[in-house]
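Asker: show me how the following folds:
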Amino acid sequence: MFKKDLLKKYILYLFRWQLSTPILAPIVALFTGAKPFSGSAVLGAVVANLIGGLIFFWVDKFIFTSPLVAPQWEILEKGKCYDCGKKGRVFRLIKTRNYDKTMDKNPEFRCEQCSYKKLEELRIKGVKV
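Answerer: Presented below is the predicted three-dimensional model:
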């Protein structure tokens, strides 16, 4: 299941990169001396976008999911705060450099105010957030 979802995201990502071809083709043409939408300029843009997408999918995946770069959060639009019981938008820190609650069987979601308090407690304990 995971591999199938990842493959779908990868294909959509590559398609998204191809959407910039109409912008990139004239630039390629400008620097190569071709006509703006000639076959060689469009082909060059398509190939460049394909190569870029193949490489940057993994770079972007690392940037947006790595706890080394940014903490991972889970947000529920409708939930109940674990600490104060307030209902509404709630958050929980899932993973950061030295903190991992990905397999937590009983996740604790908190409102914004209680989340700030919990983050301060974690920082005092040495968690790098």
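
Asker: could you pull out the helices in the chain for me?
Answerer: 2-18, 21-32, 39-65, 112-124 (DSSP state H).

Asker: now these in JSON lines, with mean pLDDT and distance to residue 86?
Answerer: Every residue, glycine included, has its C-beta placed from N, CA and C. Compiled in JSON lines, these are given as follows (pLDDT from 0 to 100; distance: least, Cβ to Cβ, whole Å):
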{"stretch": "helix 2-18", "mean pLDDT": "91", "distance to residue 86": "33"}
{"stretch": "helix 21-32", "mean pLDDT": "90", "distance to residue 86": "46"}
{"stretch": "helix 39-65", "mean pLDDT": "91", "distance to residue 86": "29"}
{"stretch": "helix 112-124", "mean pLDDT": "93", "distance to residue 86": "8"}
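
Asker: any chance of these in CSV, plus mean neighbour count and distance to residue 102?
Answerer: Output for the helices of the chain, formatted as CSV (neighbours: other Cβ atoms under 10 Å; distance: least, Cβ to Cβ, whole Å):
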stretch, mean neighbour count, distance to residue 102
helix 2-18, 12, 14
helix 21-32, 16, 38
helix 39-65, 14, 11
helix 112-124, 14, 16
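
Asker: OK, contacts around residue 52?
Answerer: residue 17 (Cβ atoms under 8 Å, 6 or more residues apart in numbering).

Asker: measure it to residue 22 for me?
Answerer: Counting by Cβ to Cβ, to the nearest Å, the gap from residue 52 to residue 22 is 15 Å.
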